[in-house]
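> Got a predicted structure here, sequence first:
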Amino acid sequence: MSYTQASPGPEAATDQVRASLISSHSAVHPGDEILIGVHQQIIPHWHTYWKNPGDSGLPTKIQYQLPPGWSVGEIQWPTPSKIILGPVVNYGYHDAVTLLSSLRVAEDAEVGRDWPISAKAKWLVCEEACIPQEVELAIQLPVVAKGVAVGPAHPLITAAQNSWPVVLPWQASLLEGPAGTLRLHLSGEQLPAPDQQALAFYPDQWGPISHAGEQITTLVDHGLDISLQVGDQPLTPGQTLNGVLTVGSGDALRAYQISAVWPGSANAIQAEPDPALAGQSLPTALLLALAGGLILNLMPCVFPVLSLKALALIEQAAHDPSKTRRHGWAYLAGILVSFTALAAVLVALKTGGASIGWGFQFQSPSFVLILAYLIFAVGLSLSGVFDIGAGITGFGNQLATRSGYSGSFFTGVLAAIVATPCTAPFMGAALGFAITQPPATMIAVFLSLGTGLALPYWLLCQWPILQRWLPKPGAWMDTLKQGLAFPMYATAAWLIWVLARQTGPAAVAGALGGCVLIALAVWLFRISRNATQIKRLILNTGASLILLLAFVAGELGIEAPINTAYPTDAKNQNWQAYSAEKLAQLRSEGKPVFVNFTADWCITCLVNERVALSSEAVRGAFRDTEVTYLKGDWTNRDADIAKVLSQFGRSGVPLYLYFGPGAQEATVLPQILTPDLVIGAIQGARL
């Protein structure tokens, strides 16, 4: 990001904003407290932003450089206005704004001296385009023994103070509204009349309230209600909603500081304590993550990669057993680096207010497309279409060194990537704990999970006595390696199906066309090995362009997301699409409800649906007990589902909840289901 730079001075100007550093007094006494700030004059049609910029934008930031012993307070923000750009609602300022802070002079400031005050101000100024800008401003402030007078900027200072919100003269509280809304309730004397004066609420933080949501004001018994639509990061019980309430408009506009505590929803989903989460501590979470990582090796998404590593180990042990230990460490490093990177991304997204969890990257169609291509290329290599080192051990071609250690490292990276659509027992509790913890704790839990994933192969590499149990190398290894190509092709086909579910049928055509182009490209790479130098250059250049074209074809197939909600009129379908409103309605009627939070990219979810939830025994139990079966689809990002996952201490799907007739709390089922387990949960809740 580049900034427009201006030279230091009392004033500085860009093409859109003229800024000046002003103070309320032209001179000060030692120990005085005055006002200082940056005044912006903005050209017509452009705007800068409030402390909460709304759906987009950045707040203005001011960094002061002061003499020793002097101090400056926080910015006192004037009342903003709404800036509506289609579906986007921002909060900011047109024409002019003054951002003031209190400045305290040091008690021992030397009298008779001009003291330098400087400020570095950064802002984003927007019309149709947005331009980040930065200026440096400076003034000299004399310290005198007597005779202090207000400065020439006094009118600007007074106007800014008059635009500050004042203390609210009424009582404010937050109440539950209809599904997806809150009621900001005002009570007291001389309340504004909503039919005569417009009311608007500006939240001072992103997340709790939808900025673009309609705000409806109504008179009720003993007060006045403002209906607010819940945003992407809803309030938790006990959290305070702060903001500015404006009444009226134009010269008659009045603004008030407002704070109200959210007590929690009377209809919020309550969970029975999960035994795996009860009393959870970091050591417990680390052990659960380690166990979950070990079990991941048996999951269908990881087992083929582990099998290939075992084949490579057999060959390495036969030729040079001393190198197997280093291959084990390289494989471990690849997995741990990948899990650290994944945890770092989660930390960054969480810090930015996103609702994320395990497998979140599969909610990106571009990621799914790239992984499908990658798995397809691995399958081609195993089938002998082209050779990338020693099979998967050399994966990465140029990334792998002659010794193959880089190949083992990048195999660990691949194992970590393909593990993310799977969820093993113990993982849910560990990751649910991690996602709520500080960054260092979250990374530690992810490293423990990665250690468990790498441990079986690492142990085989470190203990030669264990290698005695491995079969002797032979021709059977090539046959098995070629056979393992077919699980890779099946995985690529499944990923393309996920892509179609996310974006539509056009994605299938684009991805399949891309696979054909990849096959052509690797074939050209292969035949170029025996060509002359000029022909090799031509073939390799053509192959590289074809690979690029494959990604272009895939991206062209990724259209705007369509409605992927499950249809509810299928004759053989025994479930309905989940919504918070539907669940609340069924619970209020006292009906039993089973909720399945799933995703098309979650292999564990799909296996549970085939083995348990779609079995005739479970379907019959649902019919006999009149259970309504709801299915929540997290294939694409859904803030409402992410909120429920967070409420139950889960970082991702699957999550299975059962609400007995009239039950206030949900029974949380394990992440690996059997028909007997589901039926037992239903029958046990009815006792």
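Okay, I see it.
> Quick check on Q40: phi, psi?
When read as degrees, to the nearest 10, the backbone of Q40 gives phi -110, psi 130.
> how near is it to A96?
Between Q40 and A96 the distance, using Cβ to Cβ, to the nearest Å, works out to 6 Å. In short, each C-beta sits where N, CA and C put it, glycine included.
> Looking at these two now, which is surrounded by more residues?
Q40 (22 against 15; other Cβ atoms under 10 Å).
> Can you name the residues that contact the more buried one?
Contacts for Q40 (Cβ atoms under 8 Å, 6 or more residues apart in numbering) come out as V17, R18, A19, T48, T60, Y93, A96, V97, T98, L99, W123.
> Switch those over to CSV; also include pLDDT, secondary structure and distance to P152.
Listed next are the contacts of Q40 as CSV, based on pLDDT from 0 to 100; DSSP: H, G, I helix; E, B strand; the rest coil; distance: Cβ to Cβ, whole Å:
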residue, pLDDT, secondary structure, distance to P152
V17, 95, strand, 21
R18, 95, strand, 16
A19, 95, strand, 16
T48, 96, strand, 23
T60, 95, coil, 23
Y93, 96, strand, 22
A96, 95, strand, 16
V97, 96, strand, 19
T98, 96, strand, 14
L99, 96, strand, 18
W123, 93, strand, 24
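> Most neighbours among the residues you listed, which one?
If you count neighbours using other Cβ under 10 Å, the busiest of the contacts of Q40 is W123, which has 30 neighbours.
> Let me know the distance separating that one from P87.
24 Å.
> do the same with E616
Look at E616 and P87: by Cβ to Cβ, they are 46 Å apart.
> again, but for Q16
From Q16 across to P87, the span is 24 Å (Cβ to Cβ).
> Over to P192?
Counting by Cβ to Cβ, the gap from P192 to P87 is 28 Å.
> what's the answer for R325, then?
From R325 to P87 the distance is 58 Å (Cβ to Cβ).
> Those two: which has the busier surroundings?
Neighbour count, other Cβ under 10 Å: between R325 and P87, R325 has more, with 14 against 7.
> how about the more buried one, what does it touch?
By Cβ under 8 Å, 6+ apart, the contact set of R325 is C461, Q462.
> chain center to the helix or strand in which it is found, what's the gap?
Assigned by DSSP states H and E, R325 falls within helix 324-351. Centre-to-centre, helix 324-351 and its host chain are 19 Å apart (Cα atoms, centre = their mean, to the nearest Å).
> Equivalent analysis for stretch 210-218, please.
Here the centre of stretch 210-218 is set off from its chain's centre by 25 Å, with Cα atoms, centre = their mean.
> Just the endpoints, please. Distance across it?
Using Cα to Cα, to the nearest Å, one end of stretch 210-218 lies 19 Å from the other.
> Contacts made by it with the rest, please.
Contacts for stretch 210-218 (Cβ under 8 Å, 6+ apart): 54-55, 87-91, 194, 199-201, 203, 224-232.
> Of these, which belong to strands?
Secondary structure defined by DSSP state E assigns 54, 88-91, 199-201, 203, 224-229 of those to strands.
> Name the weakest-confidence residue in the residues you listed, if you would.
When those are compared on pLDDT, V88 comes out lowest, with 80.
> Tell me how many other residues surround that residue.
V88: 13 neighbours (other Cβ under 10 Å).
> Which positions are bridged to it in the beta structure?
V88 forms beta bridges with L85, as assigned by DSSP bridges.
> so what's it up against?
So V88 contacts G54, D55, S56, A212 (Cβ under 8 Å, 6+ apart).
> so is the closest residue to W262 other than its chain neighbours in a helix, a strand, or just coil?
In this structure, W262 finds its nearest non-sequential neighbour in L235, 4.0 Å apart by Cβ to Cβ, 6 or more residues apart in numbering. Here L235 is recorded as coil under DSSP: H, G, I helix; E, B strand; the rest coil.
> so what's L235 scoring on pLDDT?
Per-residue confidence (pLDDT) for L235: 83.
> pretty sure it contacts P203?
No. Counting by Cβ atoms under 8 Å, L235 does not reach P203; the two are 10.2 Å apart.
> any common contacting residues for the two?
L241.
> just to revisit the earlier point, can you redo the contacts of Q40 as TSV with distance to S528?
Written out in TSV, the entries for the contacts of Q40 read as follows (distance: Cβ to Cβ, whole Å):
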residue	distance to S528
V17	57
R18	61
A19	60
T48	56
T60	57
Y93	61
A96	66
V97	63
T98	67
L99	63
W123	54
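> Can you tell me which of those residues is closest to E589?
Set against E589, the nearest of the contacts of Q40 by Cβ to Cβ is Y93 (49.4 Å).
> For that closest one, which non-adjacent residue is closest in space?
Spatially, and ignoring its direct neighbours in sequence, Y93 is nearest to T48 (5.5 Å; Cβ to Cβ, 6+ apart).
> Show me how this protein divides into domains.
For the chain, the structural domains run 11-163, 167-261, 282-364+387-484, 576-686, going by automatic domain parsing.
> worst average pLDDT in the ones you listed?
Among these, domain 282-364+387-484 scores lowest, with a mean of 70.
> For T667, name its beta-bridge partners.
Under the criterion used (DSSP bridges), T667 bridges to Y658.
> Tell me the spacing between it and Q683.
For T667 relative to Q683 (Cβ to Cβ), the value is 11 Å.
> Of these two, which one has the most company?
With neighbours defined as other Cβ under 10 Å, T667 and Q683 compare such that T667 has more, 18 against 11.
> my guess is the more buried one meets F648, correct?
No. T667 lies out of contact with F648 (Cβ under 8 Å); the separation is 11.1 Å.
> Between the two, which contacts overlap?
Joint contacts of T667 and F648 (Cβ under 8 Å, 6+ apart) are L657.
> Now do the contacts for L290.
Contacts of L290 (Cβ under 8 Å, 6+ apart): S448, L449, T451, G452, L455.
> and the domains of the chain as JSON lines, adding distance to I546?
Shown next, in JSON lines, are those (distance: least, Cβ to Cβ, whole Å):
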{"stretch": "domain 11-163", "distance to I546": "37"}
{"stretch": "domain 167-261", "distance to I546": "41"}
{"stretch": "domain 282-364+387-484", "distance to I546": "16"}
{"stretch": "domain 576-686", "distance to I546": "28"}
